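Asker: pasting the sequence and the predicted model now:
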Amino acid sequence: MFQKTRPWWLGIALLFLLPQALLSQKSDSLCRLQWNGRVLDSAFHALEGAEVFLEEGKQRVFTDQNGHFAFRNLCRGVYHLHVSHQGESHADLELLLSSDTLTDILLSHDEAEMGTVHVHRLRRTGQAGAAELQAAAHRQGAGALAELEGVRLLQHGNSISKPMVQGMWGLRVPVFVNGAALEGQAWGLEHGPELDVLGFQFAEVLQGIRSLTLGHDAIGGVLNLRTQWNIHAGETDLVSQSLYHHNGRGFSQRLALSRRPEGGRHIFRVQAAWKRAGNLQAPAYYLWNTGSSQYSGSAELRLFRKRYTHTLGFSAFANRNGIFAGSHVGNLSDLKAAIGREKPITADRFSYAIGKPWQQNEHLTWQWQALGGSNGNVQWQSSLQYDRRREFDFNRRSTDFRPQLDLRLWAWQLSRQSSLNWKNMQFIHGWQVKAQWQEYRRIFLVPDYRGLQGGAWAMLKGSRGTWNWEALLRADAKGLWIEYVKNRQAFAEFRPFAGIAGGMQFSRMHGRWLGSYSLSRLWRNPWLNELYSDGVHRGTGAYELGNVNLRQEAAIKTEALWLRQVRNSETRISLYANRVAHFMNLEPSGELLLTIRGALPLFVYRQYDAAFAGFTFAWQTQLETWRLGLRAEGSLGRNLESGKPVPLQAPPEVRLMLQRRIGKLHFTLEPNHVFRAPFAGQLEDFLPPPRAYTLLRAILSWKTRLPGGHDLELLAGGDNLFNAAYRDYLNRFRYYADESGRNLYISLRVAIHRHDHDHHTQP
Amino acid sequence: MKKQTIFTHIGAILLFSALPMAQSCKDDHDDHDHEGELITTVQMVFTDSATSTVAGTFEFNDPDGPGGNPPQRLDTIDLQSSKTYLVELRFIDASKSPAHDITHEIREEAKEHMVCFTDAGSNVTILRTDSDGTHPIGLSSRWKAPELNSNGSVKVTLKHQPGVKNGQCDPGDTDVEVEFPVRVR
């Protein structure tokens, strides 16, 4: 395998060595770039007089009456922008500047503070584009990520959800947290990401070849979450956010304290959050054992030094999710009986108790980052992560609290990235190394393993007139040492993997429109569950069987984006078409396996060539105090060998948004319609795809400034306001029960700001 | 002062991060087994109710549990027409050494378990004779063979019904489901 790929390795070496030799002389001839932009408030009004500070070069400008700002004669490289308006609201922005860039910055108090995800779709040209804010604190688990354009949720019950992008999920959509890959059990359908999404202030979907800088296997895309550092010198901020939602009688409390002393040489931040909810309620009944609890906390320190800005952080996350009791089946007869019931046979009442079966996760992260170097173009990142996932099944002894499944993972990673400029081009390169160690206890699901992997990449960027181009190549190799005991026999084997990934991208910015096209190749090695699964999956009443002969997946991705901004309107159309050779998927075999538990449907990991295509259309406009928006998404997957659709593709969805601002009040109405999954009826399944459904969301928010410069925000809203009974095709528990019904919520956020200067001048 | 503050912050981070570490290390030495709960064997002991002698022991045995190797043994239950039998059921985990009898655990948690019998063509009349105080359990039962010869089967299902046991077989999930061929002569 390694011999076969040797020419590629030589190519990579040449790619690294030649430009290094050519670029050894620093050139300043490129320092003619412009960074223009607009600063807008949360209602998309231009903000005049906003202070825009460019950290590199220490340039400070103020926006004009149209909210415009401009920096000229900039060199290519990484830049950091701090924006504030009348000392009230702040935003931080990091940008890799390679060509003249236009940026819209949405400035709001929400953006700077916890509890709100600043939803941001990265343009394929590397520009920071328009942003939108969504209050998403009431969503369960990783549900807030569904607010991102292009992201759908694959659910396992009501509290476990994982993001789905371009019809892909799990290992094909890795999650990165402040530059480090989140290490957990991403492969499993019933495993949500082990993080508190609302602890971050920035979420984005990385597509195109930019995702290749982070890994070779992001066939769907990369979900990138970041914390933002937006606090002025001499400032201390304390933010409290409390939330109650009536469905599940859930409540959460979040506290964050940030401090940047006078002189501004460091920032310290601590954050803690706690969430608790009981049984959720479908329109006609309670969903027994769907309560959840979650704890998270972090402490971070950012040190500004002459050559580097260092960030040290530690975060901890723990949760426990009850698994809906009505989904716990033993065999095909149980499954058929459960599907045939209008109402599940479970207790129909409210309780906060989380009983068996439940899932429990703990995740710890220690992280270090350094950004700087002689030209501010070097970035180091390292993290150590510990992840433990336990599943507590029903068992004979109700007093036995030993898990049936216990997976422990340690992972360490180190990466470096730097850039060099030469004439009209920029050369960016980086490398990553990673080590993993995992063991299982109790029942066998996936084997123990030790993994070691390394990868290097190089990217060339350039521009000519209104055209920009980028090309990237990366090479990765990994080895997995696998051990397991099954049927009292010990097995050990070594599996090496290696591959080349790369791509290119062209974009053109002309007047008020931008178009881009990218073509990339990615690969993914089969993972342990795909190779070695061999057992009963109680949650779905199925027997799952891996295949040790699976080969590496190889994907060719094409993506196109067209964007047009006219006055107060923006239209975005993105299209993708992906072809995946040797696509791996768990599918029903059509056979029944006779076991001591009765007959179980046999699911096997199959491999075939598949094609995926989809679109996103988004439009929004601002009319005085009104804001209107429309978003439509759709995707399809097809098995090219059988001609059948690929299971679990997101049905088309249309979402409308109507927002009205009256003084300090914002009222939002958001109906969304999800169509019946097209073609899914052709698939073998226990139940045909559910019918289409329409939901309505309404949110009313009110913000005010308290004496002393503190902020208060009240938000009241409701999801599924008509209490529609519906089932979602992407929820594996659709066989057993309806989705949860109407959910009303209210939140209160108080932000207390203290300035050292004010404090000293007080009598 | 500033340096001292920074070191205080770093110290706080380390302390903060060390606490969960201590927690995660604490149970590092717990069960290192690779075993889970498993039932591999269903055993039925038939006693002639008239003579109190054991008339036969019939068994289903799949030592490695679901998947892997196919079941090793599935006996045909031979009964004499018109006779009545007292039947005791045993559920065993034979994957461990020594084999672990799970029956007494099922009896201890009788309010969460019930054995269901489904006749298909054998015409045997089955009555559960034990109770959790409210509903039958099914570990002990009385089987009345028909007067005429027959060939059929009886499906034995152990249902796990925590919190939802109502005397019916619908609620809960299935721990064991074995269909024994039955011959009445």
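Answerer: Noted; the coordinates are in hand.

Asker: only C-alpha atoms from now on, for both contacts and neighbour counts.
Answerer: Will do.

Asker: which residue packs closest to residue A:222, ignoring adjacent ones?
Answerer: Leaving out its chain neighbours, the residue that sits closest to residue A:222 by C-alpha to C-alpha, 6 or more residues apart in numbering or on different chains is residue A:206, at 4.9 Å.

Asker: right, and that neighbour touches residue A:219 too?
Answerer: No - distance between residue A:206 and residue A:219: 10.9 Å, which falls outside the contact criterion (C-alpha atoms under 8 Å).

Asker: okay, the residue nearest to residue A:222: pLDDT?
Answerer: The model reports residue A:206 with a pLDDT of 84.

Asker: spatially nearest residue to the residue of the stretch 601-750 of chain A found nearest chain B (excluding sequence neighbours)?
Answerer: Relative to chain B, the nearest point of the stretch 601-750 of chain A is residue A:602 (9.8 Å; C-alpha to the nearest C-alpha). In this structure, residue A:602 finds its nearest non-sequential neighbour in residue A:543, 4.9 Å apart by C-alpha to C-alpha, 6+ apart.

Asker: now do the SS call for the one you found.
Answerer: At residue A:543 the chain is in strand, as set by DSSP: H, G, I helix; E, B strand; the rest coil.

Asker: that one pairs with what?
Answerer: residue A:536, residue A:602 (DSSP bridges).

Asker: show me where the stretch 401-550 of chain A has its strands.
Answerer: A:405-422, A:425-442, A:448-464, A:467-486, A:489-510, A:513-524, A:534-537, A:542-545 (DSSP state E, counting those that start in this stretch).

Asker: then the stretch 151-300 of chain A?
Answerer: A:151-155, A:161-165, A:168-169, A:175-177, A:180-181, A:202-206, A:222-226, A:235-245, A:250-260, A:266-277, A:292-304.

Asker: got CSV for these, with mean neighbour count and distance to residue A:317 too?
Answerer: Shown next, in CSV, are the strands of the stretch 151-300 of chain A (neighbours: other C-alpha atoms under 10 Å in any protein chain shown; distance: least, C-alpha to C-alpha, whole Å):
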stretch, mean neighbour count, distance to residue A:317
strand A:151-155, 24, 20
strand A:161-165, 26, 16
strand A:168-169, 23, 22
strand A:175-177, 21, 13
strand A:180-181, 22, 16
strand A:202-206, 23, 18
strand A:222-226, 22, 15
strand A:235-245, 21, 18
strand A:250-260, 21, 13
strand A:266-277, 21, 10
strand A:292-304, 22, 4
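
Asker: distance to residue B:151 for those - can I get that in JSON lines?
Answerer: JSON lines is the format used below for those (distance: least, C-alpha to C-alpha, whole Å):
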{"stretch": "strand A:151-155", "distance to residue B:151": "47"}
{"stretch": "strand A:161-165", "distance to residue B:151": "50"}
{"stretch": "strand A:168-169", "distance to residue B:151": "51"}
{"stretch": "strand A:175-177", "distance to residue B:151": "59"}
{"stretch": "strand A:180-181", "distance to residue B:151": "62"}
{"stretch": "strand A:202-206", "distance to residue B:151": "64"}
{"stretch": "strand A:222-226", "distance to residue B:151": "61"}
{"stretch": "strand A:235-245", "distance to residue B:151": "59"}
{"stretch": "strand A:250-260", "distance to residue B:151": "57"}
{"stretch": "strand A:266-277", "distance to residue B:151": "54"}
{"stretch": "strand A:292-304", "distance to residue B:151": "51"}
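
Asker: mean pLDDT lowest for which of those strands?
Answerer: Lowest mean pLDDT within the strands of the stretch 151-300 of chain A: strand A:202-206, a mean of 79.

Asker: low-confidence stretches in chain B?
Answerer: B:1-37 (pLDDT under 70).

Asker: show me what contacts the residue nearest the centre of chain A?
Answerer: Of all residues in chain A, the one closest to the mean position by C-alpha atoms, centre = their mean is residue A:223, 3.3 Å from it. Residues in contact with residue A:223 (C-alpha atoms under 8 Å, 6 or more residues apart in numbering or on different chains) are A:173, A:174, A:175, A:176, A:203, A:204, A:205, A:206.

Asker: of those residues, which is the nearest to chain B?
Answerer: residue A:176 (20.6 Å).

Asker: correct me if wrong: residue A:379 contacts residue A:368.
Answerer: No - counting by C-alpha under 8 Å, residue A:379 does not reach residue A:368; the two are 10.7 Å apart.

Asker: which intervals of the stretch 1-150 of chain A have sub-threshold pLDDT?
Answerer: Those would be A:1-31, A:41-45, A:55-59, A:75-78, A:85-90, A:92, A:94-99, A:108-142, if you go by pLDDT under 70 across the stretch 1-150 of chain A.

Asker: pick the most buried one from the strands of the stretch 401-550 of chain A.
Answerer: For the strands of the stretch 401-550 of chain A, the largest average neighbour count (mean count of other C-alpha atoms under 10 Å in any protein chain shown) is found in strand A:542-545, namely a mean of 24.

Asker: any idea which helix or strand comes after that strand?
Answerer: Downstream of strand A:542-545, the next assigned helix or strand under DSSP states H and E is strand A:553-566.

Asker: buried sites along that next one?
Answerer: A:553-565 (16 or more other C-alpha atoms under 10 Å in any protein chain shown).

Asker: sorry, back to before: and the residue nearest to residue A:602, how far is that from residue A:362?
Answerer: Per C-alpha to C-alpha, to the nearest Å, residue A:543 is found 27 Å from residue A:362.

Asker: and stretch A:756-763, what's its mean pLDDT?
Answerer: For stretch A:756-763, mean pLDDT rounds to 50.

Asker: hmm, the residue nearest to residue A:602 is touching residue A:601, no?
Answerer: Yes - with contacts counted by C-alpha under 8 Å, residue A:543 reaches residue A:601, the gap being 6.1 Å.

Asker: anything in contact with each of the two?
Answerer: Listed as contacting both residue A:543 and residue A:601 by C-alpha under 8 Å, 6+ apart are residue A:593.

Asker: need the contact partners of the one helix or strand residue A:70 maps to.
Answerer: Using DSSP H and E, residue A:70 falls within strand A:68-74. Residues from elsewhere that reach strand A:68-74 (C-alpha under 8 Å, 6+ apart): A:31-39, A:52, A:61-63.

Asker: in the chain, which spans are helices?
Answerer: With no chain named, the answer covers chain A. Assigned by DSSP state H, the helices in chain A fall at A:6-22, A:109-112, A:332-340, A:528-532, A:756-761.

Asker: nope, chain B please
Answerer: Taking DSSP H as the criterion, chain B carries its helices at B:2-26, B:103-108.

Asker: in the shortest one, what's buried?
Answerer: Applying a neighbour-count criterion of 16+ other C-alpha under 10 Å, one finds B:103, B:106, B:107 buried in helix B:103-108.

Asker: JSON lines for these, including distance to residue B:150?
Answerer: Shown next, in JSON lines, are the buried residues of helix B:103-108 (distance: C-alpha to C-alpha, whole Å):
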{"residue": "B:103", "distance to residue B:150": "30"}
{"residue": "B:106", "distance to residue B:150": "32"}
{"residue": "B:107", "distance to residue B:150": "32"}
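
Asker: out of the residues you listed, who's near chain A?
Answerer: Here is what survives when the buried residues of helix B:103-108 are matched to chain A using C-alpha under 8 Å from any C-alpha of the partner chain: residue B:106.
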